[in-house]
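In: please work out how this folds:
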Amino acid sequence: MENNKIAVGLDIGTTKIVAMIGKKNEYDKLEILGIGKAKSLGVKRGVVSNITQTIQSIQQAVEEAESVSGQTIEDVVVGIAGQHIRSLHHSDYITRNNADEVIDENDIDNLVNQVHKLVMLPGEEIIHVLPQEFKVDSQGEIKEPIGMYGGRLEANFHVVVGQVSSIRNIGRCVKSAGLDLSDITLEPLASASAVLSQEEKEAGVALIDIGGGTTDLAIFKDGIIRHTAVIPFGGNVITEDIKEGCSIIEKQAELLKIKFGSAWPGENKETEIVSIPGLRGREPKEITLKNLSKIIHARVQEIIEHVYLEIKNYGHETAKGKLIAGIVLTGGGAQLKHLRQLVEYITGMDARIGYPNEHLAGDSDDSLSSPSYATAVGLLMEGLEKEGKEYEAEQALADVVSTESNEEEVEANTSEENQQEKTVEKRKSFFDKFTERFKEFLDNAE
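Out: Now for the predicted structure:
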């Protein structure tokens, strides 16, 4: 039986809300069945600032995706970002009762649960606990300790923390739009799934996702996520600067940025001028493209320097932490002309633009491979992966049941089946547990 499960990624951004419906085709590529977009009016810098407007925008995007695909959307995978997200590093250990037994899932769960008990600032909650590497007794740099012997299990963790109220507000909006939350994930991680290759993650790479309200950073090395950060500037501050610097309205500033903007002032000659119609019969304004790119350059440089500081804090300049694959730029802001050259110039690292097209089916619409859809594609992939795991678990269970031929055997195997269900249960990721707690909270808050 083929797995025809569909999933929905919902990217709640500062400039737009995107709902993307898709399924896997026979070649394991994403087949996008429908996409809906709505202008995001109630979100500022990745944080919900107007519940009613956000609910309306979500409904609008979902309805459009439904009418295009002919599917009904019930549950969605949502991404969270925003300036309230921060990350920290933490080491913890447990002493095992019996060193003669091998380390199993339970031991790792105990260790992770211990990290979840860390005392955070008021109003903050741990979202992700991502183990970096383990240490068993005195042996370090172990990636997978399950099956080893040892009395003391120690690990370094990358802990992602966010404001409880901001996350709950997103949950409230999704719920009020008549949808269920099937999963919730960090947006930089979703974008990374969509645009990074496994080789890049192994070699060491920094993903910079430039959105409208925030710039998200995710650093991978040896295939493991090492650092995440959210910088509270994005494409909107560039538009704001153009608006102020050229004394024009926001709509015109946005158009200027997209059509004529460049991050490299040396590219434009003094003689290149663009004329903007005046408001209500006023004289048109003339703006030189050199001035325009100077305004853009100053702000982009500031954003890139902020990001580069985070990359240096992670330890890129040390021999052990060097990011060989350099930088991958994605998100709507990555479409700015000459941005790649500026990033390479400021950081001295190789850079490329990340397109989510390698995961899409061959006959997909070209517009879907734009960097601005990277997060939505990543969320959809996450949703399909989760659906796939559930489907496999169902299949495994169905196989167990179908091989039972008589009642005695069924009874004898019930305990075994329960065991199987328990192991499926046990293998839930730490984030699934967070999602479940979060859903419970939402249901109780009704």
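In: out of the helices and strands in the chain, which is least certain?
Out: In the chain, the helix or strand scored least confidently by mean pLDDT, DSSP states H and E is helix 407-426, which has a mean of 47.
In: work out which residue lies at the spatial centre of this structure.
Out: Note on the chain: the residue nearest the mean C-alpha position is residue 187, at 2.0 Å, using CA atoms, centre = their mean.
In: list the contacts of that one.
Out: Counting by CB atoms under 8 Å, 6 or more residues apart in numbering, residue 187 touches 11, 46, 79, 80, 81, 209, 216, 375, 378. Glycine gets a C-beta too; all of them are placed from N, C-alpha and C.
In: residue 328 versus residue 350, what's the distance?
Out: Noted for residue 350: a distance of 10 Å to residue 328, by CB to CB, to the nearest Å.
In: in stretch 91-107, what counts as buried?
Out: Under the neighbour-count criterion of 16 or more other CB atoms under 10 Å, stretch 91-107 has 92, 94, 96, 103, 107 buried.
In: swap in stretch 336-355?
Out: Using 16+ other CB under 10 Å as the test for burial, stretch 336-355 gives 336-340, 342-343, 347, 349, 351-352, 354-355.
In: cool, stretch 50-63 as well?
Out: Going by neighbour count (16+ other CB under 10 Å), the buried part of stretch 50-63 is 53, 54, 55, 56, 57, 58, 59, 60, 61, 62.
In: quick check, nearest of the residues you listed to residue 204?
Out: Using CB to CB, residue 61 comes nearest to residue 204 of those, at 35.6 Å.
In: how about the closest one, secondary structure?
Out: What DSSP: H, G, I helix; E, B strand; the rest coil gives for residue 61 is helix.
In: got a list of what residue 223 touches?
Out: Under the criterion of CB under 8 Å, 6+ apart, the contact list for residue 223 reads 198, 201, 202.
In: now do the strands in the stretch 151-300 of the chain.
Out: 152-163, 180-186, 205-210, 215-221, 224-231, 273-276, 285-288 (DSSP state E, counting those that start in this stretch).
In: now for those strands, which one comes closest to residue 362?
Out: Proximity to residue 362, assessed across these by CB to CB, is greatest for strand 205-210 (24.9 Å).
In: direction included, what does that closest one pair against?
Out: strand 215-221 (antiparallel), strand 327-330 (parallel) (DSSP bridges).
In: of the contacts of residue 223, grab the buried ones for ChimeraX.
Out: Applying 16+ other CB under 10 Å to those, the buried members can be selected in ChimeraX as follows:
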select :201
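In: nearest to residue 156, of the buried residues of stretch 91-107?
Out: Among these, residue 92 lies closest to residue 156 (CB to CB), at 8.6 Å.
In: ok so the closest one is a strand residue?
Out: Yes. Per three-state DSSP, residue 92 lies within a strand segment.
In: right, and it touches residue 153 too?
Out: No. Between residue 92 and residue 153 there is no contact under CB atoms under 8 Å: 9.5 Å.
In: what is in contact with these two at once?
Out: Common neighbours of residue 92 and residue 153 (criterion: CB under 8 Å, 6+ apart): residue 111.
In: just the strands in the stretch 1-150 of the chain please.
Out: 6-12, 16-24, 30-39, 43-44, 47-48, 75-80, 86-95, 124-136, 139-142.
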